[in-house]
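Engineer: Fold the stuff below for me.
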Amino acid sequence: MLTLLGINKVLAIYVGPAGYAAFGQFQNVVQMISTLANGAINTGVTKYTAEYQDDEYQQRRVWQTAGTMALFVALILSALVFLFREQLAIRFLRDASLITVFEWFAATLVLFVFNTLLLAILNGKKDIHRYVLANIAGSLSALFVTVMMVVYFGLLGALIALVAYQSIAFFVTLLLCLKTEWFRWDAMIGPVDGKVAKNLAKYAVMALTSSITVPMSQILIRDHIGQTLGMDAAGHWEAMWRLSGAYLMLFTSILSVYYLPRLSELKKRQDLRGEIFRGYILILPVAILTTVLIYFFRNKIILFLFSLDFLGMRDLFFWQLIGDLFKIASWFLAYVMIAKTMTFIYIVTEIFFAILIYQFIKFSIPFWGLEAAAISHAATYFIYLICVYIIIKKNKLI
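Structural biologist: Numbers count the residues shown, from 1 in each chain. Predicted coordinates for the structure are as follows:
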């Protein structure tokens, strides 16, 4: 979180609000293609690695299947990104001269895929020590590479850094995994097991849905704000969204590292209910306190983390933070859908609410200007929380 905030500060100073919006567009593209490349199977890898904790043979079958599938898809997508680099630069960055960033992306995509696969295995093995070290090393390499590239090359450097640091993060994660008892090269690539592939595919569909609909809705929202209110306004919205994402990492880390593997282990309804209740009791008060502090110190936060050019985002804080609280509350229930492989319902809700927030913003911008984006965020996640609760309750999971 701290390195992400540091990167935000550097970007704010050297590329400004408009450049910040362009960076956000490219980040969403990277997120979508990277998720497609790894088959979106990392959630499944974490679940089954945890589930087969005492069965090394079954774990290896999962890893080999995941690794082979991911490598195959990543190589195809790398080739496609390279072939269509100019079209991608024009469509998403509105600048054909930025094709270099897509060349870098194509070259490093396979490394990114295997870095996320190794992290998913560490998570499933509950090797929190190495998992945390790998993430810290990745964050620090991102900070170092981004600062150097932005200072010397501006926006182009920022975009290249976004994909270049992946290769550094992979080698650090690999070095940590080499020191474990379970790591073997032939355990990462091997024959594809049909049954395992089918099980992973259920998680792939869910993860793909979330990882494509959310970035795509953000791209559309950013485009709409840029066209109606200007690129500086789009940059202010992007800054607010990234600030939310930075502090929400504290909560998503807890949910992905502890909560998901734990829910996967639980079979009884009362145990699930108890785990969710404990999560609310322990985490929600911290979330409320965090959002209150952020709101009251918003002016200082903007100046400290961004610059005077970003003071326009000040009016977004109240509704954005309200929406973030609804978002955190809904995650506890949404993770139950993932852990219990409620594929169809999860897909429908993700697509519906991605469309809903975009339509809310399009409709409300003429009335409330940029603040409409934050109000729509709060309204969407309030409805999402209610819907997910009804779904979980109706399926008698809690």
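Engineer: Give me the helix or strand of this structure that scores worst on average pLDDT.
Structural biologist: For the chain, counting by mean pLDDT, DSSP states H and E, helix 260-265 ranks last in confidence among helices and strands (a mean of 65).
Engineer: Can you tell me the closest non-neighbouring residue to residue 16?
Structural biologist: With sequence-adjacent residues excluded and distances taken as Cβ to Cβ, 6 or more residues apart in numbering, residue 16 is closest to residue 309, at 5.7 Å. Every residue, glycine included, has its C-beta placed from N, CA and C.
Engineer: number of nearby residues for that neighbour?
Structural biologist: Residues contacting residue 309 under the criterion other Cβ atoms under 10 Å number 18.
Engineer: same deal with residue 48?
Structural biologist: The number of residues packed around residue 48, counting by other Cβ under 10 Å, is 26.
Engineer: Can you classify it by secondary structure?
Structural biologist: The assignment at residue 48 comes out as helix when based on DSSP: H, G, I helix; E, B strand; the rest coil.
Engineer: which residues sit in contact with it?
Structural biologist: Neighbour list for residue 48: 58-59, 62, 124, 196, 199-200 [criterion: Cβ atoms under 8 Å, 6 or more residues apart in numbering].
Engineer: which of the residues you listed are buried?
Structural biologist: Those of these that meet the buried threshold are 58-59, 62, 124, 196, 199-200, by 16 or more other Cβ atoms under 10 Å.
Engineer: Switch these over to JSON lines; also include pLDDT.
Structural biologist: Supplementary listing: these in JSON lines, determined by pLDDT from 0 to 100:
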{"residue": "58", "pLDDT": "84"}
{"residue": "59", "pLDDT": "84"}
{"residue": "62", "pLDDT": "85"}
{"residue": "124", "pLDDT": "85"}
{"residue": "196", "pLDDT": "80"}
{"residue": "199", "pLDDT": "76"}
{"residue": "200", "pLDDT": "79"}
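Engineer: Output the residues you listed in JSON lines, with secondary structure and distance to residue 250 appended to each entry.
Structural biologist: Converted to JSON lines, the buried ones among the contacts of residue 48 look like this (DSSP: H, G, I helix; E, B strand; the rest coil; distance: Cβ to Cβ, whole Å):
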{"residue": "58", "secondary structure": "helix", "distance to residue 250": "33"}
{"residue": "59", "secondary structure": "helix", "distance to residue 250": "29"}
{"residue": "62", "secondary structure": "helix", "distance to residue 250": "29"}
{"residue": "124", "secondary structure": "helix", "distance to residue 250": "21"}
{"residue": "196", "secondary structure": "helix", "distance to residue 250": "33"}
{"residue": "199", "secondary structure": "helix", "distance to residue 250": "31"}
{"residue": "200", "secondary structure": "helix", "distance to residue 250": "29"}
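Engineer: ok, these vs residue 284, which is closest?
Structural biologist: Proximity of the buried ones among the contacts of residue 48 to residue 284, judged by Cβ to Cβ, is greatest for residue 124, which lies at 26.4 Å.
Engineer: And the strand or helix carrying residue 43, what's buried?
Structural biologist: Taking DSSP states H and E as the definition, one finds residue 43 inside helix 42-51. Within helix 42-51, the residues that qualify as buried are 42-51, counting by 16+ other Cβ under 10 Å.
Engineer: for the residue nearest to residue 16, what are its contacts?
Structural biologist: 12, 16-17, 232.
Engineer: Would you map the strands across this protein?
Structural biologist: For the chain, strands defined by DSSP state E do not occur.
Engineer: Which stretches in it count as helices?
Structural biologist: Assignment of helices within the chain using DSSP state H yields the ranges 2-37, 42-51, 56-83, 85-88, 99-124, 128-178, 194-229, 231-254, 260-265, 269-296, 298-305, 317-339, 343-368, 371-394.
Engineer: among those, which is nearest residue 186?
Structural biologist: Of all these, helix 56-83 comes closest under Cβ to Cβ, at 7.8 Å.
Engineer: follow-up on the earlier one: now tabulate the buried ones among the contacts of residue 48 in JSON lines and tack on distance to residue 283.
Structural biologist: As requested, the buried ones among the contacts of residue 48 are exported to JSON lines (distance: Cβ to Cβ, whole Å):
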{"residue": "58", "distance to residue 283": "32"}
{"residue": "59", "distance to residue 283": "30"}
{"residue": "62", "distance to residue 283": "29"}
{"residue": "124", "distance to residue 283": "22"}
{"residue": "196", "distance to residue 283": "33"}
{"residue": "199", "distance to residue 283": "29"}
{"residue": "200", "distance to residue 283": "29"}
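Engineer: ok, the residue nearest to residue 235 when sequence neighbours are not counted - contacts?
Structural biologist: For residue 235, the nearest residue in space outside its immediate sequence neighbours is residue 17; the separation is 2.8 Å by Cβ to Cβ, 6+ apart. Under the criterion of Cβ under 8 Å, 6+ apart, the contact list for residue 17 reads 231-236, 238-239, 309-310, 312.
Engineer: just the residues you listed now: which is nearest residue 380?
Structural biologist: Nearest to residue 380 among the contacts of residue 17, counting by Cβ to Cβ, is residue 238 at 17.7 Å.
Engineer: In this structure the closest one contacts residue 18, no?
Structural biologist: No - Residue 238 is not in contact with residue 18 according to Cβ atoms under 8 Å; the separation is 10.0 Å.
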